[in-house]
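# Have a look at this prediction, sequence included:
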Amino acid sequence: MLQHSTIPLMRAWNSWSERPAEMVFLPLGVRITPILYSTRSKTTSAIEPRRDTVRLGRHTIDGSLIELETDHSGTTVAFSTTKSDPFAIRGSWDGKVSAEWGLRFWLTLAVSSDGGEVAVHDAGQNITLLKVGTRFVAVATAEAPVHVTGHDTIDALRADFEENGYFYTATRKNEAPVIALRFNLEMMRKGAYGAGVADSAELAIAKARACLSADLPADIADAQTGMFEGALDAMRDVVSWNTIWDETNARPYTAVTRIWNLGKFAVWFNDQIFAALLAGVFDADLARENMATAMAGATPQGNIACIVTSNDAWVDRTQLPFGALVVWQLYQRTGERSMVQASYDALVRNRRWWDDNRDPDGFGLLSCGTSDVGEGLYKGTAFGARNETGMDNSATHDEAIYDPVTRTLSTFDLGLNCAAALDAEMLSKMAVVLGKHDDAREFAALAERTRTLISETLWDESRGIFANRQRSGGFVRSLSPTSFYPLLCGAASPAQAARLLEHLKDESTFGGNYVLPNATRDDPAFVDNVYWRGRIWPNVNYMVWLGLRRYGFMGEASKLASQSYDLFMKSWREDRIASENYNAVTGEAMDQGDTDPFYIWAAMLPLMATGEIVEFCPWAGWTVRNTGQNVALGPMLSPSGTLHLSVDAGLLEMRLNEKPALRTDLIATFSGIVITDERFSCILAPAANDGFIELPELDVENVFAARLDGEHIDCVADKGGVRLTITGNTSDRQLDVYFSPRKRLLTQGSA
């Protein structure tokens, strides 16, 4: 019987479980699980990152290529999986390093199903067959296994090895819920299997054998080369590896990390929406699934729970309201109104909840708190209230006192209020898309009121910086990068913004080789180097980067993006570590034992790097930048289809759905891009030199009008398209080209 039939077909075979080498055909719950056994240590490994040494390699979103290496008792084995079609996979292994005689190190493929159906091994055909409902799954191996055993569970198989060793034959069976195909690294240092799914045994066997013999190359094109090389590849791999199946709630989601053990599932509101943002770079379905998982935490009271796990639910508190920002960015990237519609109501309730529950004096600015609902751990404590910022042990909270009467901290939290202002602004934009004009006016006004209060109330003129402040008056001494969040929400005046740039580059506070520390370098808390006391956090860097871009501080934004990319790559290139946070002195990732090595929001560091080239800006829309440096990146999603972009010798080319859509030699930034079958438009940033823009596959006779800032501009036929000559300029200009409908360049093959 089909179990999970709503999973997109191309993702059905994937690494869904907590065991990354285990391949699962999710619609049927069929599993192929590698189990390692070392005679040297008399132990087994199911290749679980929480217990075993695992180096996660490349991983496409759809599972068409999956690579990893693992070490067990000193022996290193590499695994690779490819797909020939949605219903067939080919897996292989390669014993890279041996720490004992290969005859005594065993690699077993365990074939099983979640429903407990009996698997049958046919030694004559070297085929293992499972029937689940009316469907068949066949597994064929390149060489016949040395030994085939049968067990009730994977645990029983492991116990058999650990108790009886590899010589034991009493568990030989050809039929069992778990069929164990046993190989050793002396006879089969390299090996492979094929698995096929079909509606008859014969077809499933044929599919498995065909996939096995096809021996598809375990390779894919690099997603990003040249400028910020590997940034897009890293984002893809971090998203793909952390995407697993939540059995409790019967849903796929991108976990904060597949390594932590916080129960059967764990969802933080902010982490989950950032997972959606990152997934949306590649796959709109996965982005929707992650947003739905985040929105599932909406409470009857109105807020979205801070965290929900299989063990606990922190419904008494929430996290910073960045949900509308992420939804708006996903809408810009995909062009899908459904992205806005699906989350709007929950986000509106959440934003109104803040004003009703976290403004005890009715002043208009918010304080963190913990409501008298639920049974969550730390409810009704100062620590529980601090959870709402996500910056749990930040020194910015050291002076905050918890008031049990109002159930809030005594301070106006700067980061919270900036996020709330931005949330209202983004909700206003979303409301316009949905035709909710009264809501749009309400939230636009709320955003403006909050920005004004931030600028007037949370600016410490004596230090020339924004800071947390006691509701009773005084500013908090300790600072964090949230001091730059007024740029993100548009609250800083020009004079205030200029002062902020001075702090940004001050190496005694926020500047330096590794940035941005979440306590200033001159704060006593900085030397603690524990979590939010001095370490660098990717999500914070990303928000500051967005704020710098909003204010037009492009040089400062580019420097932050470059430093963030270098920081990430320091641990990623060699060790494949995507860290939850980083040391602000050395740039090390794993110098603290409480830091996770494969955390989802680590990918926000390379996201900034790709955003320097292609970005879907909350304010400027689809933006492309030609710096003149060579680069190639893609595929990624765009509102006009699957995007590839390259720059070679200063010539930028964009392809949509594998067809050329734009060429230009202008060294400039193009924002507000719109590409349809009848229109191309963008805003041209200042450019020092003259250049051209080509629109390929467009007949010049079909162009109705071409205007630059409303004035006619000539189009000429060129190389199977049209060319516009653009003179250098010192200010932004609007370019619009209108034409009769051309061939369906944009919809065929679009994501």
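Everything's here; your move. Not measured: the values here are computed from a predicted model. Numbers count the residues shown, from 1 in each chain.
# Give me the next element, helix or strand, following the helix or strand Arg499 falls within.
When secondary structure is defined using DSSP states H and E, the element that contains Arg499 is helix 494-505. Downstream of helix 494-505, the first helix or strand assigned by DSSP H and E is helix 538-550.
# So which other helices or strands are in contact with that following helix?
The helices and strands touching helix 538-550, judged by 3 or more CB pairs under 8 Å, 6 or more residues apart in numbering; DSSP states H and E, are helix 485-489, helix 554-575, helix 604-611. C-beta here means a position set from N, CA and C on the backbone, and glycine is covered the same way.
# check contacts around Ile127.
Shown in contact with Ile127 (CB atoms under 8 Å, 6 or more residues apart in numbering): His121, Ala138, Val139, Ala140, Ile205, Ala208.
# again, 7 Å this time
By CB atoms under 7 Å, 6 or more residues apart in numbering, the residues touching Ile127 are Ala138, Ala140, Ile205.
# Out of these, list just those in strands.
Mapping those onto strands (DSSP state E) picks out Ala138, Ala140.
# Now pLDDT too, for the contacts of Ile127, in CSV please.
Supplementary listing: those in CSV, determined by pLDDT from 0 to 100:
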residue, pLDDT
Ala138, 98
Ala140, 98
Ile205, 98
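# Go through the contacts of Ile127 and say which is closest to Val267.
Ala138 (36.5 Å; CB to CB).
# Run a quick neighbour tally on the closest residue to Leu109 other than its chain neighbours.
Computed as CB to CB, 6 or more residues apart in numbering, the closest residue to Leu109 that is not its neighbour in sequence is Leu181, at 4.4 Å. Neighbour count of Leu181, defined by other CB atoms under 10 Å: 23.
# Next: the one 3 residues further on.
The local packing count at Asn184 equals 23, with neighbours defined by other CB under 10 Å.
# beta partners of it?
For Asn184, the beta-bridge assignment (DSSP bridges) gives partners Trp106.
# Likewise for Thr141?
Note on Thr141: beta-bridge partners by DSSP bridges are Tyr193.
# how about it, what does it touch?
Taking CB under 7 Å, 6+ apart as the definition of contact, the neighbours of Thr141 are Asn126, Leu181, Gly191, Tyr193.
# Let's see the pLDDT reported for it.
The predicted local distance difference test score for Thr141 is 98.
# hmm, back to that, of all the contacts of Thr141, which two lie farthest apart?
Asn126 and Gly191 (12.3 Å).
# quick one: which of those two has more around it?
Gly191 (21 against 17).
# On the pLDDT front, check the more buried one for me.
Value for Gly191, per-residue pLDDT: 97.
# show me the contacts for it.
Residues touching Gly191, when contacts are defined by CB under 7 Å, 6+ apart, comprise Ser92, Trp93, Thr141, Ala142, Glu143, Phe183.
# May I have the phi/psi pair for Arg333?
When quoted as degrees, to the nearest 10, the phi and psi of Arg333 stand at phi -70, psi -40.
# That one touches Gly280, doesn't it?
Yes: Arg333 is in contact with Gly280 according to CB atoms under 7 Å; the separation is 5.4 Å.
# So the two - more neighbours on which side?
Applying other CB under 10 Å to Arg333 and Gly280 shows that Gly280 carries more neighbours, namely 29 against 24.
# and the closest residue to that one other than its chain neighbours, how many neighbours?
When the adjacent residues along the chain are set aside, Gly280 lies closest to Ala287, with 3.5 Å between them (CB to CB, 6+ apart). Neighbouring residues of Ala287 were enumerated by other CB under 10 Å; the total is 29.
# With Pro635 as the reference, measure out to Ala287.
As defined by CB to CB, to the nearest Å, Ala287 lies at a distance of 15 Å from Pro635.
# Secondary structure element holding the residue positioned nearest the centre of the chain?
The residue at the geometric middle of the chain, judged as the C-alpha nearest the mean C-alpha position with CA atoms, centre = their mean, is Leu278 (3.1 Å). Under the assignment given by DSSP H and E, the secondary-structure element containing Leu278 is helix 269-279.
# Next, Asp155: secondary structure please.
Reducing the assignment to helix, strand or coil with DSSP: H, G, I helix; E, B strand; the rest coil, the entry for Asp155 is helix.
# Okay, it and Ala46: tell me how far apart.
The separation that Asp155 has from Ala46, given CB to CB, amounts to 9 Å.
# more crowded one of those two?
Neighbour comparison, Asp155 and Ala46: the larger count goes to Ala46, with 21 against 12 (by other CB under 10 Å).
# Touching, Tyr423 and Arg351? I think so.
Careful, residue 423 is Asp; it's not Tyr. Yes: look at Asp423 against Arg351 with CB under 7 Å: they come within range, at 5.4 Å.
# Tell me which of the two has more neighbours.
For Asp423 against Arg351, the residue with the higher neighbour count under other CB under 10 Å is Asp423, and the figures read 26 against 22.
# out of everything not next to it in sequence, what's closest to the more buried one?
Take Asp423 and drop its neighbours on the chain: the residue closest to it by CB to CB, 6+ apart is Pro321, 4.0 Å away.
# show me the contacts for the one you found.
Asn350, Arg351, Trp354, Ala419, Ala420, Asp423.
# What of Arg471?
The neighbourhood of Arg471, defined by CB under 7 Å, 6+ apart, consists of Asp361, Ser367, Ser410, Thr411, Phe412.
# can you count the residues close to the closest residue in space to Ser73 that isn't next to it in sequence?
Nearest in space to Ser73, with sequence neighbours left out and distances taken as CB to CB, 6+ apart, is Ser38 at 3.7 Å. A count of neighbours around Ser38, defined by other CB under 10 Å, yields 21.
# I'd say Ser38 and Phe105 touch.
Yes: with contact defined as CB under 7 Å, Ser38 reaches Phe105; the gap is 5.7 Å.
# circling back: for Met187, find the nearest of the helices and strands packed on helix 538-550.
Nearest to Met187 among those is helix 554-575 (32.2 Å), distances taken as CB to CB.
# Roughly how far does Lys379 sit from Arg407?
Distance, Lys379 to Arg407, using CB to CB: 10 Å.
# show me what contacts the closest residue to Ala717 other than its chain neighbours?
Nearest residue to Ala717, sequence neighbours excluded (CB to CB, 6+ apart): Val700, at 4.3 Å. Under the criterion of CB under 7 Å, 6+ apart, the neighbours of Val700 are Cys715, Val716, Ala717, Val722.
# pLDDT for those residues - can I get that in JSON lines?
Shown next, in JSON lines, are the contacts of Val700 (pLDDT from 0 to 100):
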{"residue": "Cys715", "pLDDT": "93"}
{"residue": "Val716", "pLDDT": "94"}
{"residue": "Ala717", "pLDDT": "92"}
{"residue": "Val722", "pLDDT": "96"}
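# For PyMOL, write the select line for the buried members of the residues you listed.
The PyMOL selection below is limited to those of these classed as buried (16 or more other CB atoms under 10 Å):
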select buried, resi 715+722
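# Run through the neighbouring helices and strands of the strand or helix carrying Val716.
Element membership of Val716 [criterion: DSSP H and E] is strand 715-718. Contact partners of strand 715-718 among helices and strands, from 3 or more CB pairs under 7 Å, 6 or more residues apart in numbering; DSSP states H and E: strand 721-726.
# residues of the strand it packs on that come out buried?
Residues of strand 721-726 classed as buried by neighbour count (16+ other CB under 10 Å): Gly721, Val722, Arg723, Leu724, Ile726.
# what lines up beside that strand in the sheet?
Each strand that pairs with strand 721-726, with its direction, by DSSP bridges: strand 691-696 (antiparallel), strand 715-718 (antiparallel).
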